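K.L.:
Next input, structure requested:
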Amino acid sequence: MVRLEWSDMYRTDIGIVDEQHQQLFSMINAIAQTLEAGDVEPEEVEKALDGLVEYAGQHFVDEEREMVLCHVDSRHQKLQRMEHSSFVYDVGQLRSYANDGGDSLADQYEEILQFTASWLIYHTLRTDQKMAMQVHAIEQGKSPEEAYEYSETHPLSPAIYHEVIEAVVHLWSDALERIADLEHRLKEISGDKKA
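P.N.:
Numbering: from 1, shown residues only. Reported below is the predicted structural model:
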């Protein structure tokens with residue numbers, strides 16, 4: 001089961017961003033604990049997922065506002081908005097498939113939670129760390145363009161790569177499973193019983 005442990009490697013040193021990331025970690029862990037307890041009440045988990053998605057949405061708004069206030073380069077802002085929109089869409093799609101397959105409800109919720117945790121780890125350690133590099137470079141006198149170029153050419157800490165790669169592997173595996181499931185469903189719909 002998913003367990004997220006906050007550590008310094010996730011820190012951006014941007015107050016509101018770090019506070020909200022810690023809250024998102026706590027919310028994911030609380031949902032995981034509910035699922036581990038067994039006898040999952042769908043309404044309880046749905047309500048917790050609604051809260052998680054709503055909080056993530058507010059976090060995205062706040063993070064995007066911080067980037068504007070700190071004059072982060074528009075290229076990075078565009079990437080952030082795209083990733084944020086993609087997350088909301090993907091979680092919505094995963095939730096719409098709940099109760100639609102052969103997996104148990106607990107397994108489906110665990111899949112949603114694993115996707116959410118993996119996405120959050122990847123986004124926090126990669127995209128948000130690059131944002132933080134830019135914010136701190138701008139605070140030290142670099143232009144937004146210089147700060148962006150610096151973040152694109154300056155390597156991230158080697159300590160985070162294991163976590164980033166593990167998150168990417170989870171996201172990739174999840175995507176492959178969804179593709180296989182969609183192919184199977186399309187074959188069933190088209191009447192091809194060889195699926």
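K.L.:
And the longest helix seen in the chain, what's buried?
P.N.:
Longest helix in the chain by number of residues (criterion: DSSP state H): helix 161-190. Across helix 161-190, burial judged by 16 or more other Cβ atoms under 10 Å covers 163-164, 167, 170-171, 174, 178. Using the backbone N, CA and C atoms, a C-beta is placed for each residue, glycine as well.
K.L.:
and what of stretch 49-61?
P.N.:
Quick answer for stretch 49-61 (16+ other Cβ under 10 Å): 49, 52-53, 56, 59-60.
K.L.:
for stretch 27-42, same thing?
P.N.:
Buried residues in stretch 27-42, defined by neighbour count with 16+ other Cβ under 10 Å: 27-29, 31-32, 34-35, 40.
K.L.:
ok, back up a step: identify the farthest-apart pair in the buried residues of helix 161-190.
P.N.:
Spanning the widest gap among the buried residues of helix 161-190 are 163 and 178, at 22.8 Å by Cβ to Cβ.
K.L.:
Please give me every residue in contact with residue 125.
P.N.:
9-10, 156, 160, 163-164, 167 (Cβ atoms under 8 Å, 6 or more residues apart in numbering).
K.L.:
per-residue pLDDT, residue 26?
P.N.:
Note for residue 26: predicted pLDDT of 95.
K.L.:
looking at the protein, which helix or strand does the model trust least?
P.N.:
Within the chain, no helix or strand scores below helix 161-190, which has a mean of 81 by mean pLDDT, DSSP states H and E.
K.L.:
Could you list every helix and strand in contact with it?
P.N.:
helix 105-122 (3 or more Cβ pairs under 8 Å, 6 or more residues apart in numbering; DSSP states H and E).
K.L.:
which other helices and strands contact the helix it packs on?
P.N.:
Using 3+ Cβ pairs under 8 Å, 6+ apart: helix 105-122 touches helix 15-36, helix 42-69, helix 74-96, helix 161-190.
K.L.:
Which one, of these, ends up nearest to residue 122?
P.N.:
Nearest to residue 122, of those and by Cβ to Cβ, is helix 161-190 at 4.0 Å.
K.L.:
now that closest one against helix 74-96, angle please.
P.N.:
50 degrees (axes from the mean of the first three to the mean of the last three Cα atoms, to 10 degrees).
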